[in-house]
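> Starting from these lines, generate the structure:
(2 chains)
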Amino acid sequence: MSRRRGGTTAGRDEGPVQATCEVIARRREGAYWLLSMAAREIAERAQPGQFVQVAVDAPHTLLRRPFSIAHVSRQGASAGTVDVVFDAHGPGTEWMTTVEVHDVLDLIGPLGTPFPLPQRKVNCLLVGGGYGVAPLYYLAESLLRRQLRVDVINGAATAERILGAIEAKRLSASVTFTTEDGSYGTKGRVTDVLEQVASASRSGLVYACGPNPMLRAVSELCDELGLPVQVAVEERMACGIGVCFTCVVPIVGRDGFVRNKRACLDGPVFNGRRIAWDQWGVPGGGVRPGAEAEVVGSGSARGAAAAGSTSGAAAAAEAPPADAVPDAVQAPPPARPARGASAPIDAEADADADAETDAEAGGPPAAEEQRRGRP
Amino acid sequence: MSQEVRKIAAGVDPAAAPSALAGSLDPAEVDLSVRMAGIELPNPITSASGCFASGAEIERFHDVADLGAVVVKSITPEPRHGLPTPRMAETPSGMLNAIGLQNPGVEAWIAKDLPWLQERGARVIASIAGKTAEEFRDVARELTRAGGDTIVALEVNLSCPNVEDRGMVFACSAPDSAEGIRGVAQEAEAPVLAKLTSDVTDIVSVARAVVSAGADGLTLINTLLGMAIDPDTGHPELANTYGGLSGPAIRPVAVRNVHQVHRALPDIPILGCGGARTVTDVVQFLRAGASAVAIGTATFVDPFVAPRVVDGLTRWCADRGIARVSDLIGATTPR
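This next block holds a predicted model:
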């Protein structure tokens, strides 16, 4: 096959394309790796929060690997490039560290939903864990173009796993670092400083990306504080294009029903307060509130341990006993602030997502489904 | 320049490269059409159930009517949430999945997905799943009522491994399989394909049973039941513990099943399924006795795989002077 530069094979004017992309740069970024690729059409179509699927050639692997887009450039000498940042923790990502400049990779993208942008003037707080901050910097550029104030909380396990400290300072009005071992910034987790930073910066909207336990803690704290929060989640993904149904996340619809939504198509960006966190990875469509103990290891535990505690046990303890929720499909909808003038995110974006939810799932899930435990 | 781009597309399948074989034809002269259980397909490539949703996701990449037929994700009487995550684990040249038949239910499918497929001119093979023979029959009745000319066949998923009770996998038992098919065959106007599993002692006896019960053809094979364990934590990789193995890893098993059943029941059409990814994979299935070939897991890696294989198959036949792809069906030369 010829080495084409950014050649594509998709026949549509919008949405994802498949492209063969020349590697422009590969370098270490602290504890992580960065790959920059010439992918003009993907760069032109991409928005912050979306991801690409990269074909890898590691022995005996089959599937592409999904990577959140860390940056695209549309202008200047490096126009038409797409960057991804990753941690080498499996055969696919290990192989990616061996890729050389001028090698050609096969990408599909951009995929998934972008972070919805505020429809009015609002201060935005970006909360990243580990290399999860990468797409948030990309988002910050969009927010800054809209003349919005951006503040950053950047947390990781150790100083080495803090990504892009200089970039964070450049892009934000304030940046607060947290490390679990105290080797850089405040000792602790992002949720330890979130309330104070949000208050000092008068933030009206939170965006978060990082390991799922952190996203849960951030979402639950934002729920308490009445702050809207958009999170980009992780779930094991085979296809990335919506056909395999492996990467589902339980989402509470406006009607109060929980439905499994695909992280690759309906996400990866979700309203964090609409995710039924205590039902993610739980059998039976996730409506047995006492069933936390049955959860087996989720792929989401991978990656940088950053901030926020999993308050699974607490959530389970507060939930009513299973028998108090007869055929309970009805999960309590998360409390949310009054809509309308105070909602910084276009309410329509959320409403659209719900309409899709209902049409797709065809109404309430069967009660029969809810009673079944895992065999 | 050490790394070549990964050659995932059938169009770059080395064995399908243009050759100087004697008797080569103009590709335009190659007839790709096949007949399977009385249905005419413009080419022998279909999607595999559960690997194509209902098509709209793939339409972002290419026309779903490019396929000989679209085999849709299994439809049950009621909506199903499916199983908890993790639902997937990659294994050598394959993957395990345990989705648990998540789908919107027959009513919503007929209201939304079917009209969409109809508009695109797709030929639809509707996959049916259920917990009892009555459920299979009910879904078949609804689909027959609504299907019109769009649903060209019903595929009865007797063999999904991801159900609550392994004892309820119809295809593990010949009498249960026959019972599942009987009700569907009574309701259906379109041909009925029974999708079987290789996880049995003797697939031929199950095949005979479903044919006696009214199946017009067979889909061979479903995923193989498998398991992967995290060596450090001891947890099964899948929330469901067990899952269905698919991908190139199972292709030889699938080809063997097709060959074995075709030899025993040469008049029964077979939709071959299991690990097909390239033109030469498809040719193997056809030669083993399949009338058409479903491409499943390969779609996860390459959304363009179906049109690429269709194009590649045309060239492969042209280069070898094969005017009709249907001439390849069952064309195995004994050793």
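
> can we go C-alpha only for contacts and neighbour counts from here?
Will do.

> Just give me the longest strand of the chain.
No chain was given, so I picked chain A. When chain A is parsed with DSSP state E, its longest strand is strand A:17-29.

> Chain B was what I was after
If you go by DSSP E, chain B has its longest strand at strand B:151-157.

> neighbouring strands for that strand, and are they parallel or not?
When pairing is defined by DSSP bridges, strand B:151-157 lines up against strand B:124-128 (parallel), strand B:192-196 (parallel).

> send the alpha carbons of the first one over as CSV?
As requested, the backbone C-alpha atoms of strand B:124-128 are provided in CSV (Å, rounded to 0.1, in the frame of the first residue of the first chain):
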residue,chain,number,x,y,z
VAL,B,124,-32.8,-7.6,5.7
ILE,B,125,-32.2,-10.9,7.4
ALA,B,126,-34.0,-10.3,10.8
SER,B,127,-32.4,-12.2,13.7
ILE,B,128,-34.8,-13.4,16.3
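
> which other residues reach that strand?
B:49, B:69-76, B:117, B:136, B:139-140, B:143, B:150-157 (Cα atoms under 8 Å, 6 or more residues apart in numbering or on different chains).

> and if you look at stretch B:275-289?
Against stretch B:275-289 from outside (Cα under 8 Å, 6+ apart): B:9-11, B:13, B:15-16, B:246-251, B:254-256, B:258-259, B:262-263, B:266, B:270, B:272, B:292-298, B:305, B:309-310, B:312-313, B:316, B:328-332.

> SS state for A:Asp151?
strand (DSSP: H, G, I helix; E, B strand; the rest coil).

> Count the neighbours of it for me.
Residue crowding around A:Asp151 was assessed by other Cα atoms under 10 Å in any protein chain shown; the count is 27.

> mind putting the strands paired with strand B:151-157 in JSON lines, distance to B:Ile322 and mean pLDDT included?
Output for these, formatted as JSON lines (distance: least, Cα to Cα, whole Å; pLDDT from 0 to 100):
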{"stretch": "strand B:124-128", "distance to B:Ile322": "28", "mean pLDDT": "97"}
{"stretch": "strand B:192-196", "distance to B:Ile322": "28", "mean pLDDT": "96"}
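
> just those strands: most buried one?
Counting by mean count of other Cα atoms under 10 Å in any protein chain shown, strand B:192-196 has the highest mean neighbour count of these, with a mean of 29.

> What helices and strands are in contact with the next helix or strand after that strand?
Counting by DSSP states H and E, the next helix or strand C-terminal to strand B:192-196 is helix B:203-212. Applying 3 or more Cα pairs under 8 Å, 6 or more residues apart in numbering or on different chains; DSSP states H and E, we find helix B:203-212 packed against helix B:174-187, strand B:192-196, helix B:251-264.

> Can you list the strands that the helix or strand that comes right after helix B:203-212 pairs with?
Where DSSP H and E defines the elements, the next helix or strand beyond helix B:203-212 is strand B:217-220. Sheet partners assigned to strand B:217-220 using DSSP bridges are listed as strand B:192-196 (parallel), strand B:270-273 (parallel).

> What is the subsequent helix or strand relative to strand B:217-220?
Counting by DSSP H and E, the next helix or strand C-terminal to strand B:217-220 is strand B:224-226.

> Next one: that following strand, is it in contact with chain A?
No. Applying Cα under 8 Å from any Cα of the partner chain, one finds strand B:224-226 separated from chain A by no less than 15.1 Å.

> By neighbour count, which bits of that strand are buried? Give me those.
The neighbour-count check on strand B:224-226 (16 or more other Cα atoms under 10 Å in any protein chain shown) flags B:Leu224, B:Leu225 as buried.

> Touching it from outside, list them.
Residues outside strand B:224-226 that contact it (Cα under 8 Å, 6+ apart): B:Leu96, B:Pro161, B:Thr197, B:Ser198, B:Asp199, B:Tyr242, B:Gly243, B:Gly244, B:Leu245, B:Ser246, B:Ile250.

> Most neighbours among these, which one is it?
Within the contacts of strand B:224-226, neighbour counts (other Cα under 10 Å) peak at B:Pro161, which reaches 30 neighbours.

> quick one: contacts for that residue?
B:Val169, B:Thr223, B:Leu224, B:Leu225, B:Gly243, B:Gly244.
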